[in-house]
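Trainee: Provided below are the primary sequence and the corresponding predicted coordinates.
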Amino acid sequence: MPAPRQYHSEGLTLRKMPLGESDLIVTFYTRDSGKLRAVAKGARKNSSGLVGHLEPLTQVSLSLAHGRNLDVVTQAQVMSNFPPLKDHLEAITKGLYLAELVDGFGSEDQANPALYNLALDTLNAVAKNPDSDLPLRYFEFRLLAVSGLMPELYNCVECRRSLEPGAHRFSPNVGGVICLDCNPEEAPIRPLSVRALKVLRLFHRGSPAQAYPLHLDTALAHELKTLLAAAVSYWLEREIRSNSFLEHLQRNPPTGV
């Protein structure tokens, strides 16, 4: 029996790009089908009923039609635009960073509801507390976990022995923590403090409600950011473009923000 031409979906808009004079190609991450690229015909016309419903970082209910190359968005209705996310420059930049990671790790035609829910929960957390970086750190770690790439935190990835207190190093290339006796060839190895390992284990075992209230001093926050950025970039096999602008904003906050 042929699949129905029309179908419905729910998704998070990750990005859009112009096509021709009035159309858009929109990339969504959907609850039921994973990453999806679709054409929104006439969406750039002021008279289009799609105007305002396909902005990045918007959760939308979609009606689509199967197409020869790309499916076609026929209707879209905003479910949430995560207020006040888009009223705060750093918050929206964090949201775009998240969207870039979901775009990079999400697979087309392969549902991952855990990733979809994680993205929505994190956007809500950033909207509520734009100044905190902990939702992003938790997101980066859980992104690896729900993608089947969670680093080993309890045993040395080389010799499989339990970690001794204080004897910690980390390499995303070999999959996690390494003891002091092991030296894998051609793998960049970073020091890992006891405090950072404890936070990563909390991210593994704990909920956002346990992770978000943590107080990290500057050194610990920088260590976690560096470690997780290395792990994410290793698996993504490229640098995250939006991260450069986010770092610039954090070093040079706009006057009055």
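Mentor: Yep, it's here.
Trainee: Contacts for the lengthiest helix in the chain, please.
Mentor: When the chain is parsed with DSSP state H, its longest helix is helix 218-236. Residues outside helix 218-236 that contact it (C-beta atoms under 8 Å, 6 or more residues apart in numbering) are 101, 104-105, 133, 137, 140-141, 143-144, 147, 149, 151, 170, 172-173, 188, 190, 192-193, 195-196, 199-200, 216, 239-240, 243. Glycine gets a C-beta too; all of them are placed from N, C-alpha and C.
Trainee: quick one: average pLDDT of the next helix or strand after that helix?
Mentor: Later in the chain than helix 218-236, the nearest helix or strand by DSSP states H and E is helix 241-251. In this model, helix 241-251 has an average pLDDT of 75.
Trainee: Now helix 241-251: buried residues?
Mentor: 242-243, 246 (16 or more other C-beta atoms under 10 Å).
Trainee: Same question for stretch 201-210.
Mentor: Neighbour-count burial for stretch 201-210, counted by 16+ other C-beta under 10 Å, picks out 203, 208.
Trainee: what residue ranges in the stretch 101-250 of the chain score low on pLDDT?
Mentor: Within the stretch 101-250 of the chain, the segments meeting pLDDT under 70 span 248-249.
Trainee: Now residue 147: closest residue in space, sequence neighbours ignored.
Mentor: Spatial nearest neighbour of residue 147, chain neighbours left out: residue 105 (5.1 Å); criterion: C-beta to C-beta, 6 or more residues apart in numbering.
Trainee: do residue 181 as well
Mentor: In this structure, residue 181 finds its nearest non-sequential neighbour in residue 159, 6.9 Å apart by C-beta to C-beta, 6+ apart.
Trainee: just residue 173 next, same as before
Mentor: Leaving aside its sequence neighbours, residue 173 sits nearest to residue 187 (C-beta to C-beta, 6+ apart; 4.3 Å).
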